[in-house]
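Visitor: mind folding the following:
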Amino acid sequence: MNILKFLMQLAFMEAILKPVIVALTKLVLKDYLKPAFNKLDELLILPDNWERLIEAPFEWIYQNVVSDYSELELIKREWLSQLLLDEFNMNTFLSKADVRTQ
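Guide: Residues are numbered from 1 along each chain as shown. The predicted model follows:
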């Protein structure tokens, strides 16, 4: 009986709680990261930055965007860099690059 109860709790957590927690976390982080996204947009106006972003996206975002979050520990800044990179819409980036090179 305990195993069945445990499996039901686990299924509830996976099906309902986990998606809600992930969605709420993303909402909170998007507000927190809004200045970083704005800075990323500003930096992408320069064509030299496009090439650097394509060559080494994680390192470029870490050095140029997330470095402003100095109050965070190094690990958290790396995590934020990865989050920014994951959320960054590469299709939009490439379409901006195509328009500017024509």
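
Visitor: C-alpha only now, for contacts and for neighbours.
Guide: OK.

Visitor: residue ranges of the helices in the chain, please?
Guide: 2-12, 18-43, 47-55, 57-64, 74-87, 90-101 (DSSP state H).

Visitor: ok, the residue lying closest to residue 39 once chain neighbours are set aside - contacts?
Guide: Nearest non-adjacent residue to residue 39, counting by Cα to Cα, 6 or more residues apart in numbering: residue 65, 6.5 Å away. Contacts for residue 65 were tallied using Cα atoms under 8 Å, 6 or more residues apart in numbering; they are 36, 39, 40.

Visitor: buried only: go through those for me.
Guide: With burial judged by 16 or more other Cα atoms under 10 Å, the buried subset of these is 36, 40.

Visitor: reformat the contacts of residue 65 as JSON lines; add pLDDT and distance to residue 48.
Guide: JSON lines is the format used below for the contacts of residue 65 (pLDDT from 0 to 100; distance: Cα to Cα, whole Å):
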{"residue": "36", "pLDDT": "74", "distance to residue 48": "19"}
{"residue": "39", "pLDDT": "76", "distance to residue 48": "15"}
{"residue": "40", "pLDDT": "74", "distance to residue 48": "13"}
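
Visitor: ok, residue 82 touching residue 59?
Guide: No - Residue 82 is not in contact with residue 59 according to Cα atoms under 8 Å; the separation is 9.5 Å.

Visitor: looking at the contacts of residue 65, which is nearest residue 50?
Guide: residue 40 (10.7 Å; Cα to Cα).

Visitor: this completes my enquiry, with thanks.
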